[in-house]
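Engineer: Here's a sequence, model it:
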Amino acid sequence: MPMHALLPHACADQAVPVHSEGQSNADGQSPSARRPVVAIMIGEPEYKTRETLPRFAAKNLQQDYDVVFVLEDSENEGSFPEIDRIATADVLVISVRRKTLPKSQLDVVRRFVAEGGSVVGIRTANHAFCLRKGKSPPECDQWPQFDAEVFGGNYTGHYPNDQASTVCVAERSQDHRIVESMGVDCFEQIGSLYRTSPLADGAHVLLTGKLQSSDREPFAAEPVAWTYTRPDGGHSFYTSLGHPAEFEKPAFERLLRGAIDWIVEQ
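Structural biologist: Residues are numbered from 1 along each chain as shown. Now for the predicted structure:
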């Protein structure tokens, strides 16, 4: 996938490089053999998910799913021109960080959620559609409650980057099919540990992360992956994992694939 220019524009905090959109096809299948559609929305540069998520999809999804990408416009930051692809998706995977979108575009995401659409979020998705400070430009919109409403989360920042943490399967979740697919009970987290607790009622914690040592906050622990049954009846999965090096871990790839498989069946 070719890399395009890096250009700063309104409606967001940062500019991002944009790959060309790609879409798998159904390999000539009839409509009756329609495969589930996974829409992957990407708008963040920090964790390089414009590189990691397409590779993940090619390796782990395209044999069973039709995958479409909804990418930020390289010439109009904060705009996702292919966002209508979300409307027909079975699952929406979000990797976006602190973007304000044109209201008409953010409304597409709002409608998908309101209609009970399944949502998977990784890493920065819990602060996808709001600025850290200040108001959005008049032509743009924010969704500061997105984390609480869609993931049942409570993101308030992260622990220091130099504080290592270990991620383990949560108690009473060992038999959940998402974590069963990982093949391991514990592994070291590469990115910083996010502050995500307390979670809302309806959340089921699958993985927890614990600081390995800290003088200031000894052995602090936080939810790292969970499912959430939303009040609208829809289902969500979120994980604060998603560092580029974590995509190189088979356990993380199996976790993300397992989450998508699970949520499609709900």
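Engineer: what's residue 174 in contact with, if anything?
Structural biologist: Contacts of residue 174 were listed using CB atoms under 8 Å, 6 or more residues apart in numbering, and they are 180, 185. Just so you know, the C-beta spots here come from the backbone N, C-alpha and C atoms, and that holds for glycine as well.
Engineer: Also residue 61?
Structural biologist: So residue 61 contacts 38, 67, 257, 260 (CB under 8 Å, 6+ apart).
Engineer: which other helices and strands contact the helix or strand bottoming out on mean pLDDT in the chain?
Structural biologist: For the chain, using mean pLDDT, DSSP states H and E, the weakest element among its helices and strands is strand 140-141, scoring a mean of 94. Applying 3 or more CB pairs under 8 Å, 6 or more residues apart in numbering; DSSP states H and E, one finds that strand 140-141 contacts strand 101-102, helix 103-114.
Engineer: if we can go back for a sec, please indicate which of the contacts of residue 61 are buried?
Structural biologist: 38, 67, 257, 260 (16 or more other CB atoms under 10 Å).
Engineer: ok, of those, which one's closest to residue 151?
Structural biologist: residue 260 (15.4 Å; CB to CB).
Engineer: Run a quick check on that closest one versus residue 65, I expect a contact.
Structural biologist: Yes: in this structure residue 260 lies within contact range of residue 65 using CB atoms under 8 Å: 7.5 Å.
Engineer: Now for those two: what residues contact both?
Structural biologist: Shared contacts of residue 260 and residue 65, counting by CB under 8 Å, 6+ apart, come down to residue 38.
Engineer: May I ask which two of the buried ones among the contacts of residue 61 are separated the most?
Structural biologist: 67 and 257, at 12.2 Å, using CB to CB across the buried ones among the contacts of residue 61.
Engineer: Residues contacting stretch 181-189, please?
Structural biologist: Stretch 181-189 is contacted from outside by 164-169, 174, 209, 224, 241, 243, 246, 249-251, 254-255, 257-258, 261, using CB under 8 Å, 6+ apart.
Engineer: Which residue, other than its chain neighbours, is closest to residue 94?
Structural biologist: Nearest residue to residue 94, sequence neighbours excluded (CB to CB, 6 or more residues apart in numbering): residue 125, at 4.3 Å.
Engineer: residue ranges for the strands of the stretch 51-200 of the chain, please.
Structural biologist: 66-71, 91-96, 101-102, 118-122, 140-141, 165-169, 186-189 (DSSP state E, counting those that start in this stretch).
Engineer: could those strands be laid out in TSV, adding distance to residue 58?
Structural biologist: Below are the strands of the stretch 51-200 of the chain laid out as TSV (distance: least, CB to CB, whole Å):
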stretch	distance to residue 58
strand 66-71	8
strand 91-96	14
strand 101-102	27
strand 118-122	17
strand 140-141	32
strand 165-169	25
strand 186-189	23
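Engineer: how about these, which one is nearest residue 84?
Structural biologist: Comparing these by CB to CB, strand 66-71 comes nearest, at 8.7 Å.
Engineer: show me the residues around residue 52 that make contact.
Structural biologist: Counting by CB under 8 Å, 6+ apart, the residues that residue 52 touches are 242, 244, 247.
Engineer: Mind doing that once more with 10 Å?
Structural biologist: Counting by CB atoms under 10 Å, 6 or more residues apart in numbering, residue 52 touches 42, 95, 122, 242, 243, 244, 245, 246, 247, 248, 253.
Engineer: among those residues, which are in helices?
Structural biologist: Among the contacts of residue 52, the members found in helices (DSSP state H) are residue 253.
Engineer: The contacts of residue 52 into a markdown table, with extra columns for pLDDT, distance to residue 152 and neighbour count?
Structural biologist: Output for those, formatted as a markdown table (pLDDT from 0 to 100; distance: CB to CB, whole Å; neighbours: other CB atoms under 10 Å):
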| residue | pLDDT | distance to residue 152 | neighbour count |
| --- | --- | --- | --- |
| 42 | 98 | 23 | 25 |
| 95 | 99 | 19 | 23 |
| 122 | 99 | 16 | 31 |
| 242 | 98 | 18 | 24 |
| 243 | 97 | 23 | 21 |
| 244 | 98 | 26 | 14 |
| 245 | 97 | 27 | 12 |
| 246 | 97 | 22 | 24 |
| 247 | 98 | 25 | 22 |
| 248 | 97 | 29 | 11 |
| 253 | 98 | 24 | 19 |
